[in-house]
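Student: Just to be clear, the model below is a prediction. Sequence and coordinates:
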Amino acid sequence: MRFILRYYVHPPVYYMFLGMAEERRQKQCSVVLPTESMKAMAESVGVGQLQEDSCVALSEEVSYRIKEIAQDALKFMHHGKRRKLTTSDVDNALKLKNVEPLYGFQSQEFIPFRFASGGGRELHFYEEKEVDLSDIINTPLPRVPLDVSLKAHWLSIEGMQPAIPENPPPATKEQQKSESTEPLKVVKPGQEEEGTIQNKTQGTTATDGKGKEKGMIRLKPRSTHELSVEQQLYYKEITEACVGSCEAKRAEALQSIATDPGLYQMLPRFSTFISEGVRVNVVQNNLALLIYLMRMVKALMDNPTLYLEKYLHELIPAVVTCIVSKQLCLRPDVDNHWALRDFAARLMAQSCKTFSTTTNNIQSRITKTFTKSWLDDKTQWTTRYGCIAGLAELGPDVIKTLILPRLSVEGARIKAVMEGPVVSNIDKIGADHVQSLLLKHCASVIAKIRPQPDNVEQYRSDYGYLGPMLCSHVMKARTQAALQAQQVNRTTLTITQPRPTLSVSQSGLSGSSGPRTPSIIKVPSSLTLMSPRPGTPSQPSPPATKYIVMATSAGAASTQQVYCSSNIGVTTSPILL
Amino acid sequence: MAAVQGGLVDASEEKDIKTEPSSDGCGNNDTNDARPLSTSPGSNAPGGNAKTSSGSTEEQQTLLAVLQFLKKNNLTESVEILRREAGLPEDSLDLKGSDSSGASSGGSAGGVDGVGVDASALLSRVTVSSSAGVQAPMKTSGEDQPDVNVVLSAYSQQGDPALYETYYSGLKRFIETVLDCHRAELSQVFYPLFVHMYLELVYNNHENEAKSFFEKFSGDQECYYEEDLRVLSSLTKKEHMRGNETLLDFRTSKFVLRISRDSYQLLKRHLQERQNNQIWNIIQEHLYIDIFDGMPRSKSQIDAMSGSLAGEAKRDANKSKVYYGLLKEPEIELPLDDEDEEAENEEGKPKKKKPKKDSMGSKSKKQDPNAPSQTRIPLPELKDSDKLDKIMYMKEATKRIRLGPETLPSICFYSFLNAYQGLTAVDLTDDSSLIAGGFADSTVRVWCVTPKKLRKVKSAADLNLIDKESDDVLERIMDEKTASESKILYGHSGPVYGISFSPDRNYLLSSSEDGTVRLWSLQTFTCLVGYKGHNYPVWDTQFSPHGYYFVSGGHDRVARLWATDHYQPLRMFAGHLADITCTRFHPNSNYVATGSSDRTIRLWDVLTGNCVRIFTGHKGPIHALAFSPNGKFLASGATDGRVLLWDIGHGLMIGELKGHTDTIYALRFSRDGEILASGSMDNTVRLWDSMKAFDDLETDDFTAATGHIHLQDNSQELLLGTYMSKSTPVIHLHFTRRNLLLAAGAYNP
């Protein structure tokens, strides 16, 4: 036996219902079904030629009746204590009008309408599947849905909402955002956020809030900064794991920071931890720890429930330090501190994107800082590299306006180091890195803005020493673009994304001999970061070096090769961010 | 204030404005002949005998139509009279002459534009009214809804449809130019005028004019009428008017406006000067203007009270005496083995609190002057078990936490998991031991929230075996095998929208979409009675605080009072213009409050069945009501997210609590009335300082006589706390006897 469920809905009917159900504020009342719908429906029940007049009359009548039913259905929705209109509401409304409801059309959730068009007609329809009863009988029964059950929890204990999983996190991201970006808004009475904020700090306001009610001036209530015992414990565990030696633990800890909802209250602690940690470890040239701390910053930024704006004054200096510091590791000639700079630069770009507003002007301030120290002749290659990386990560526009014009100057400087007679090895490596960095970032931008054809001489005259190499890079980029349309940019982007940390953390691991004691972080408030010398990872790791070599050569090579090198990175280092 | 005299408006003036308030359908048409002569501008309209020739053909057609109608209804006598009168032209002229002064109040249209349809309109009206006496008894048979034709008949006369816009915008211009103090008051006229003019256009088949009229002016209306305007806009054809409830509401009930005398005179003078009969007719026929002496009200005052489907409440509607006091608690012998504290309680017999703390309406052994007499309505005798429960109550009451802004209650949230959006109603017993949920799948489930399990009574055969003399007979009758934490009650055939425990915890009421109210036994967990009467969904039901009685209300707009042992209702409370969405009993069981989709709250006297209070001010359907424990105040919550507080004795709005962003489904006062808790669809529970709200009021100069209120915007000061649940709309709140707040809702993942 076969049952066929048949139901047609035409776009207007469907949208009319949607419109009524959502109770849109705009006037959507004068919507009338088009006569074509009438015709289509008439045809579907076997009435061939319907007069135009009767179509008009019908459509008006039908529109009116549908609206009537939708209004009644809304009543059922309200009494059902729901926000969503369901098919059963419509059925009940039909029943109210003494109309037979539509059987076999039950759905709690979204109705899977399908859309078809053809011959200038559009149709939304409920897919009519032929149901074979024997199939249904023979299939094993689905699992019984869980029965309704009752669960109790404390929503509030004497005015304070306990921080338990059943309750929402104390402050939502929007709230944190509005609190930090529009601090005045909270003071105004009658705002929506206020209730929740007041609630959050009920404990303090209830005791000292006697005088706060009167008058226009309302002080923002102090918020509590004491952490519960559990939170203290959590903080200790997390920080220790983040800077500890066990990579698996660290991954877990970072995962927790990046996803857990209730970290809002611990945010000040984390931010102090990071900024202090960077300060101490930069002095001590402890590359591994700096990397760990930057990964923490990344995790915090990734957390969808946190809004870091209030803590940028601590985080940005730390991040910028990791980008431009003269020395980040003990042996700059062998350690891969470049990757850390890349990674931190990316973090910087991300925070610019998220938090830069017209009031704090982060992006322009950062750009200025980078440009200033880049332009300085005495700047070391390491810092120079950091500045360029920091600027380049800010996007093609920044590259176009700030980096491209300086390519020839920079080229000359590199040339002086590479081809000049007496240079320290460190400078040479530095210049080499800067060169590859410039090539990497500029090529794609030039490929976009510069018209074909790519002439080596032309490039040389435009960009000086770097010209020829740039030319080949650009050509590569173009062929890539031609090959895989828009895929090019994305692949290079995804490949470069996690690379530096991967290789470096690998170096950190392989370099550390024996169990390395982490920096001691005990009490959040009195934060002392000490890092014993011997544990520092100072050995250059082979994969990292390999990667860098590849990357340099990749200046002339295709992305495929870069990808290849990245594969090596992944296989050799199973640690993922 | 001068407005004290408001009620003493001199009789002639009063008549001038008001017409009979008879609003029920059948009696509707006899308002025409009973209407007193008015000095309306229509009487001096020149159109009366202007162009009889042009109107004659039309006239004849109308006459024929009327004759046919009468014949169809077997009203031969009327037919005779009409024919005689119509056959003699001078007679009909006479009639016109004599009546043009009288009936033209409703009839003469187009006095300004000079279209002479006066006569025909008059005639049709006169004939209808002359036959009304005969008609009436026939009409009543078998129709509980007013006959649409009769209702609409007043729309049959018409002016030039093109001029409607001119009229309306003329009036708009006038009102915009009057003095500021009158503008707000006169602006109230806009909305009802707009609706009636639109309906007139639609009724007379001027579709395009109606549409352009609507488009032009609908934007001017107050935002809280949006819902009604939406209904109105979908109504574009005469055929649609048949059976449209909103329309019927508008026609059958007069829209009530409160306007100061000065403002009214201003309006009247303007309309007379302009000879704006069209508008004047509508004001005369369809509006009820409640005139008061004194200062015109301000915009905010008007906005606070308006918003209901049929305008504000008439002042005299809220004048009658309401006995809002509590009944005296019966004397109960308390076992003496308890400590001193209990003994102390025994003397006072406080119902809602300890005797030492007298915060709200001090209670003593003397009868409260505002309380109804103990025997005003017959209440059930107290059983032994009830007395035991009362004692328990008092013991618990002594351990009650005294709440206030400094000591907020703890909130325990009962989440219904896996309810799949199907939880539609929740109730808790007074002692907080049982919780019941009504579900969209027609089931009712009862949980026990104490360690005690739910058990059924043994079957009759087993009961026979029990030794009835034993001390623990009550324990023995229970069947241990059936013990479980929850029980499911099957019986309804539609979503269960209302649920209520009886005070003695032996019964449970549930109301459903299937139109029935069911009474369940919590001893046997079976259905005892199905109360049929509402033929449409029953939205809410509640037991009286003293048991035995219960009230129900639903889509049929009638609230019914039942007694558990009668399967017919004892009282029917009719008057709401739209669905009754929630029902509550007053703590003294003598009154019932109902909230409705027509955005009004009505208070009904159980004894007489009269409506004793009408509260207007909400801008959306009302979904929650709560009486304060001392019976003096009422709180109401609606889809507009606002909680309004009402003084029952004075019939006044006394507070507005803003903060929720979605429909309020639950309201509850703490046991001592100091805190009001509200729960809403926006997933929050909010606590309000109700003491402060009521105190502020009493220190205010109380202009009870005028009914004009100045609401302070102090919601933020009164808000004591907001507690957000993760994703659980709050649909029920309950204070335990020790003032712990329990909230309930279904978790929506």
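Tutor: Structure received. Numbering: from 1, shown residues only, chains lettered A, B, ... in the order given.
Student: where does residue B:595 fall, helix, sheet strand or coil?
Tutor: Assigned with DSSP: H, G, I helix; E, B strand; the rest coil, residue B:595 falls in the strand class.
Student: Kindly list the main-chain dihedrals of residue A:246?
Tutor: Residue A:246 has phi and psi values of phi -80, psi 120 when expressed as degrees, to the nearest 10.
Student: contacting residues around it?
Tutor: By C-beta atoms under 8 Å, 6 or more residues apart in numbering or on different chains, the contact list for residue A:246 is empty. C-betas here are computed from N, CA, C, even on glycine.
Student: Pull up the gap between residue B:303 and residue B:539, please.
Tutor: From residue B:303 across to residue B:539, the span is 28 Å (C-beta to C-beta, to the nearest Å).
Student: which one of these two has more residues nearby?
Tutor: Just comparing residue B:303 and residue B:539: by other C-beta atoms under 10 Å in any protein chain shown the higher neighbour count belongs to residue B:539, 30 against 17.
Student: who's in contact with that one?
Tutor: With C-beta under 8 Å, 6+ apart, residue B:539 has these contacts: A:79, B:497-498, B:511, B:553-555, B:579-582.
Student: Please work out which residue of the stretch 251-400 of chain B is closest to chain A.
Tutor: residue B:309 (14.0 Å; C-beta to the nearest C-beta).
Student: For the residue in the stretch 351-500 of chain B positioned nearest to chain A, which non-adjacent residue is spatially closest?
Tutor: When scored by C-beta to the nearest C-beta, the stretch 351-500 of chain B has residue B:408 as its residue closest to chain A, at 3.5 Å. Distances taken as C-beta to C-beta, 6 or more residues apart in numbering or on different chains put residue A:159 closest to residue B:408, at 3.5 Å, once the chain neighbours are dropped.
Student: is it true that the one you found touches residue B:721?
Tutor: Yes: in this structure, residue A:159 is within contact of residue B:721 by C-beta atoms under 8 Å, at 5.7 Å.
Student: ok, whichever residue of the stretch 601-749 of chain B sits closest to chain A to residue A:159 distance?
Tutor: When distances are taken as C-beta to the nearest C-beta, the stretch 601-749 of chain B reaches nearest to chain A at residue B:722, 3.9 Å away. From residue B:722 across to residue A:159, the span is 11 Å (C-beta to C-beta).
Student: again with residue B:498
Tutor: Counting by C-beta to C-beta, the gap from residue B:498 to residue A:159 is 32 Å.
Student: Of the two, give the one with the bigger neighbour count.
Tutor: residue B:498 (26 against 21).
Student: Nearest to residue B:326 among the contacts of residue B:539?
Tutor: For the contacts of residue B:539, the residue nearest residue B:326 by C-beta to C-beta is residue B:582; the value is 22.0 Å.
Student: can you tell me the helix or strand for the closest one?
Tutor: strand B:580-585 (DSSP states H and E).
Student: centre of the chain versus stretch B:180-199, how much separation?
Tutor: Taking the mean of its C-alpha atoms, stretch B:180-199 sits 23 Å from the chain's own mean (C-alpha atoms, centre = their mean, to the nearest Å).
Student: Pull out the buried positions in stretch A:472-485.
Tutor: A:472-478, A:480-481 (16 or more other C-beta atoms under 10 Å in any protein chain shown).
Student: Show me where the stretch 551-700 of chain B dips below the pLDDT cut-off.
Tutor: B:697-700 (pLDDT under 70).
Student: make it 80
Tutor: Along the stretch 551-700 of chain B, the model assigns pLDDT under 80 to residues B:696-700.
Student: related to what we said a few turns ago, tell me the pLDDT at the residue nearest to residue B:408?
Tutor: Per-residue pLDDT puts residue A:159 at 84.
Student: do the same with residue A:255
Tutor: Value for residue A:255, per-residue pLDDT: 89.
Student: Over to the one 10 residues further on?
Tutor: Listed pLDDT for residue A:265 reads 80.
Student: Which parts of the stretch 601-749 of chain B are strands?
Tutor: In the stretch 601-749 of chain B, the segments counted as strands under DSSP state E, counting those that start in this stretch are B:611-616, B:622-627, B:633-638, B:642-647, B:652-658, B:664-669, B:675-680, B:684-689, B:719-724, B:732-735, B:741-746.
Student: can you tell me which residues contact residue A:439?
Tutor: Contacts of residue A:439 (C-beta under 8 Å, 6+ apart): A:466, A:469-470, A:473, A:555.
Student: what do you get for residue B:605?
Tutor: B:322, B:590-591, B:611-612.
Student: 7 Å instead?
Tutor: Listed by C-beta atoms under 7 Å, 6 or more residues apart in numbering or on different chains, the contact set of residue B:605 reads B:591, B:612.
Student: in chain A, which strand has the most residues?
Tutor: The longest strand of chain A (DSSP state E) is strand A:149-156.
Student: Quick check: end-to-end length of stretch B:617-624?
Tutor: 14 Å (C-alpha to C-alpha, to the nearest Å).
Student: Please state the offset of that stretch from the chain centre?
Tutor: 9 Å.
Student: Any buried residues in it, and which?
Tutor: Quick answer for stretch B:617-624 (16+ other C-beta under 10 Å): B:617-624.
Student: residue boundaries of the helices in the stretch 251-400 of chain A?
Tutor: A:267-283, A:287-302, A:312-324, A:337-355, A:362-375, A:381-392, A:396-398 (DSSP state H, counting those that start in this stretch).
Student: Other residues contacting the last one?
Tutor: Meaning helix A:396-398. Here helix A:396-398 has contacts from A:367, A:391, A:445, A:448, using C-beta under 7 Å, 6+ apart.
Student: Turn these into TSV, including distance to chain B.
Tutor: Shown next, in TSV, are the contacts of helix A:396-398 (distance: C-beta to the nearest C-beta, whole Å):
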residue	distance to chain B
A:367	40
A:391	43
A:445	46
A:448	46
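Student: Least confident of those?
Tutor: Ranking the contacts of helix A:396-398 by pLDDT puts residue A:448 at the bottom, with 82.
Student: Would you map the strands across the stretch 451-600 of chain B?
Tutor: Using DSSP E, counting those that start in this stretch, strands in the stretch 451-600 of chain B cover B:454-457, B:478-484, B:486-489, B:496-501, B:507-512, B:516-521, B:526-532, B:538-543, B:549-554, B:558-563, B:571-574, B:580-585, B:591-596, B:600-605.
Student: can I get the ones you listed in TSV with distance to residue A:311?
Tutor: Putting the strands of the stretch 451-600 of chain B into TSV (distance: least, C-beta to C-beta, whole Å) gives the following:
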stretch	distance to residue A:311
strand B:454-457	53
strand B:478-484	53
strand B:486-489	48
strand B:496-501	50
strand B:507-512	54
strand B:516-521	58
strand B:526-532	62
strand B:538-543	51
strand B:549-554	55
strand B:558-563	58
strand B:571-574	61
strand B:580-585	48
strand B:591-596	49
strand B:600-605	50
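Student: circling back: please list which of the contacts of residue A:439 are also close to chain B.
Tutor: Among the contacts of residue A:439, proximity to chain B is found for none (C-beta under 7 Å from any C-beta of the partner chain).
Student: Kindly reformat these as CSV containing secondary structure.
Tutor: Converted to CSV, these look like this (three-state DSSP):
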residue, secondary structure
A:466, helix
A:469, helix
A:470, helix
A:473, helix
A:555, coil
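Student: Adding distance to residue B:280, write these out as TSV.
Tutor: Converted to TSV, the contacts of residue A:439 look like this (distance: C-beta to C-beta, whole Å):
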residue	distance to residue B:280
A:466	89
A:469	91
A:470	87
A:473	86
A:555	90
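Student: Closest to residue A:236 out of those?
Tutor: Nearest member of these to residue A:236, counting by C-beta to C-beta, is residue A:555, at 45.6 Å.
Student: Could you confirm whether stretch A:56-75 reaches chain B?
Tutor: Yes: part of stretch A:56-75 sits near chain B under the criterion C-beta under 7 Å from any C-beta, namely A:60, A:64, A:67, A:71, A:75.
Student: Tell me the residues on the stretch 51-200 of chain A that lie near chain B, please.
Tutor: So the stretch 51-200 of chain A meets chain B at A:60, A:64, A:67, A:71, A:75, A:78-83, A:92, A:96, A:108, A:145-159, A:161, A:166-168, A:189-190, A:192, A:194-196, A:199 (C-beta under 7 Å from any C-beta).
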